[in-house]
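Participant: Compute the structure for the input listed below.
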Amino acid sequence: MDTRTAASRIVFIIATCLIISPAAKADILFDNYNGSFLTSASPNWGCLVNGPDINCGSPHEQAIRFTVSSGGMYNGFYLTSVTVPLSLLDTWDCVPDPGHDVTVGVYTDVLGLPGSPVETADVTVSCTDPTDATASFNGTTVLDDGVTYWVVLVGNINSNHIWSYPDPPVDTGSRRYRYGDGTLWKAGADDPAVRVEGVPTGPVPVRVSTWGQIKSLYR
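Facilitator: Okay, the predicted model is just below:
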């Protein structure tokens, strides 16, 4: 095998690996809690997510913004999942209703507020202790690198839930809430906990030094 043939095969193998390997594992695009969140043992452990037919309060939709940032490694990511810690609200005037789910969506950003949904999925939580609830997506929606989006939680029918804060709580000014669809978004204190994951849309760019090594085989 001559040097040129060997070099061509090396290029092919590297290119193949670069195309295949990113699909094997999702990257964390945003995570503000790393698995640690407040529970009902805390006096104020989360924010309300209530459906439009709630009979023990008013409808609440909650949102938190995040920006996709790969450091210039990728053009974007295929959205695969959003994980949030959720629990049923259990108080003397609000009996838990495990029969209705919560819609988890990723929305566009319009002038610093949630815009239109990019993709949504439903999650069901049946316990009063907060637990990680993962909304799985089809893996075809692309979140562009360097672009800001919102994770928005919307209750259905008379669902009544609490979206937990990270432990310890953080307040970056990124949270918004509103009383049902169509009302104005307002600023809320403390960020709810969320993790967003996705798969790169393309291969990792080959380092200059690697290309230099390949070219050296042709000399």
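
Participant: residue contacts, residue 67?
Facilitator: Residue 67 makes contact with 30, 146-149 under the criterion Cβ atoms under 8 Å, 6 or more residues apart in numbering. Using the backbone N, CA and C atoms, a C-beta is placed for each residue, glycine as well.

Participant: mind listing what the longest strand along the chain pairs with, with the direction of each?
Facilitator: Assignment by DSSP state E gives strand 76-88 as the longest strand of the chain. Counting by DSSP bridges, the strands paired with strand 76-88 are strand 131-136 (antiparallel), strand 142-144 (antiparallel), strand 160-164 (antiparallel), strand 195-200 (antiparallel).

Participant: ranking those by burial, who's on top?
Facilitator: strand 160-164 (a mean of 26; mean count of other Cβ atoms under 10 Å).

Participant: what's the following helix or strand after that strand?
Facilitator: Using DSSP states H and E, the helix or strand that follows strand 160-164 in sequence is strand 175-178.

Participant: What is the helix or strand following that next one packed up against?
Facilitator: Where DSSP H and E defines the elements, the next helix or strand beyond strand 175-178 is strand 186-187. Packing contacts for strand 186-187, counted by 3 or more Cβ pairs under 8 Å, 6 or more residues apart in numbering; DSSP states H and E, involve strand 175-178.

Participant: With only the CA atoms kept, save the strand it packs on in CSV.
Facilitator: The C-alpha trace of strand 175-178 is given here as CSV (Å, rounded to 0.1, in the frame of the first residue of the first chain):
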residue,chain,number,x,y,z
ARG,A,175,-37.7,33.3,35.1
ARG,A,176,-41.1,34.5,33.7
TYR,A,177,-44.6,33.5,34.6
ARG,A,178,-48.2,34.3,33.6
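
Participant: going forward, begin numbering at 467 instead of 1
Facilitator: Shifting the count to begin at 467 puts that one at strand 641-644.
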